[in-house]
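**Student:** Sharing a model prediction with you, sequence too.
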Amino acid sequence: MIQRIQTLYMLAVEILLIVCLCSPIGRFVSANGETVGVMNNLTFRNGNDEVLSYSLWALCTIISIVLITTAMAILLYRKRMRQIRFLVFNTILLAGYCIAYIAFVFVFKGQSEDASFTPTLYVAFPVVSIILNWLAIRSIGADEMLVRAVDRIR
């Protein structure tokens, strides 16, 4: 049901994470302003656009799992408690994504000591998705309480 606010929150999570998945999430810049490396959710590329490492596949996998479970939660609009479970699982995975992102930044920062790291705007999308998941959970919980209150009246 598109008219429910929690569905709109979940659709916003889907859109934000698809954009984050397809965009660069950080750059390593040398002291003279030259780009040394670019981090995507799947690869780490050097300034010449050569793939140096595919070790970032974990970030891509986490976002893919969150996208799939969010789509499943949207489709389960009649089973509100299951929706809440899916969204709590997504929130935990997105928190793990943030931790893994920080770990990968430190790993690649250790490989190039003279370069500084500059995150892009797209890094904030998983954090915004966590907030939107929390808002959706609150809305689903309010719907569930309303349905239970109506059932008590009958």
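**Tutor:** All right, it came through fine. Worth saying up front: this structure is predicted, and the values here are computed from it rather than measured.

**Student:** and L8, how many neighbours?
**Tutor:** Residues contacting L8 under the criterion other C-beta atoms under 10 Å number 15. For every residue, glycine as well, the C-beta is placed using N, CA and C.

**Student:** per-residue confidence for it?
**Tutor:** Note for L8: predicted pLDDT of 92.

**Student:** And it, how far from L56?
**Tutor:** 30 Å (C-beta to C-beta, to the nearest Å).

**Student:** same check, this time on F28
**Tutor:** Using C-beta to C-beta, we find F28 at a distance of 13 Å from L56.

**Student:** Between the two, tell me which one has more neighbours.
**Tutor:** When F28 and L56 are compared on other C-beta under 10 Å, the one with more neighbours turns out to be F28, at 23 against 20.

**Student:** that's a strand at the more buried one, yeah?
**Tutor:** Yes - counting by DSSP: H, G, I helix; E, B strand; the rest coil, F28 is part of a strand.

**Student:** what is it paired to in the beta sheet?
**Tutor:** Note on F28: beta-bridge partners G37, F117, judged by DSSP bridges.

**Student:** That one against A115, yeah?
**Tutor:** Yes - using C-beta atoms under 8 Å, F28 is in contact with A115, at 4.1 Å.

**Student:** any residues in contact with both of those two?
**Tutor:** V36, G37, K109 (C-beta atoms under 8 Å, 6 or more residues apart in numbering).

**Student:** R27 is in contact with the second one, correct?
**Tutor:** Yes - G37 is in contact with R27 according to C-beta under 8 Å; the separation is 7.1 Å.

**Student:** Compare the two (neighbour count), which wins?
**Tutor:** The neighbour count for G37 versus R27, taken as other C-beta under 10 Å, is higher for G37 (21 against 17).

**Student:** Next one: the more buried one from F28, what distance?
**Tutor:** Distance, G37 to F28, using C-beta to C-beta: 4 Å.

**Student:** in which helix or strand would I find G96?
**Tutor:** Here G96, judged by DSSP states H and E, is contained in helix 80-111.

**Student:** what's the answer for L42, then?
**Tutor:** Using DSSP H and E, L42 maps to neither a helix nor a strand.
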